[in-house]
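Asker: model the structure of this input:
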Amino acid sequence: MNYVVVSPAYGRDYKNKSEAVQAWRAGQDFVNESIWTGTYCSNRDFEAGVTVEIRFNRKEDLVIIKN
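Answerer: Okay, the predicted model is just below:
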């Protein structure tokens, strides 16, 4: 998988890009919105170089980073 879409898990949300990226880099849990909707994941579940789209702010905004 070269591209994955995730959103914060357990009712968490982030107001801005830096909070979302910081949580991802810290290994917080997210929900995989790509293929297996509802599966929990974190940055440890994907290889380096995978493109990650993080949706935040009630899934209205997004930021795209490399894992």
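Asker: following element in sequence after the helix or strand of the chain with the lowest mean pLDDT, please.
Answerer: Ranked by mean pLDDT, DSSP states H and E, the weakest helix or strand in the chain is strand 39-41, scoring a mean of 93. Scanning forward in sequence from strand 39-41 by DSSP states H and E, the next helix or strand is strand 51-56.
Asker: give me the sheet partners of that following strand and which way each runs.
Answerer: strand 3-8 (parallel), strand 61-66 (antiparallel) (DSSP bridges).
Asker: show me what counts as buried in that strand.
Answerer: Neighbour-count burial for strand 51-56, counted by 16 or more other Cβ atoms under 10 Å, picks out 52, 54-56. Where you see a C-beta, it was placed from the backbone N, CA and C, and this is true even at glycine.
Asker: and stretch 36-46, by the same measure?
Answerer: Those would be 41-43, 45-46, for stretch 36-46 by 16+ other Cβ under 10 Å.
Asker: cool, stretch 57-67 as well?
Answerer: Within stretch 57-67, the residues that count as buried by 16+ other Cβ under 10 Å are residue 63.
Asker: give me the mean pLDDT for that stretch.
Answerer: Mean per-residue pLDDT for stretch 57-67: 96.
Asker: and the end-to-end length of stretch 16-32?
Answerer: Terminal residues of stretch 16-32 are spaced 19 Å apart (Cα to Cα, to the nearest Å).
Asker: one step back: from the buried residues of strand 51-56, which single one is nearest residue 28?
Answerer: Using Cβ to Cβ, residue 54 is the member of the buried residues of strand 51-56 that sits closest to residue 28, with 10.5 Å.
Asker: chain neighbours aside, what residue packs nearest to that closest one?
Answerer: Spatial nearest neighbour of residue 54, chain neighbours left out: residue 20 (4.7 Å); criterion: Cβ to Cβ, 6 or more residues apart in numbering.
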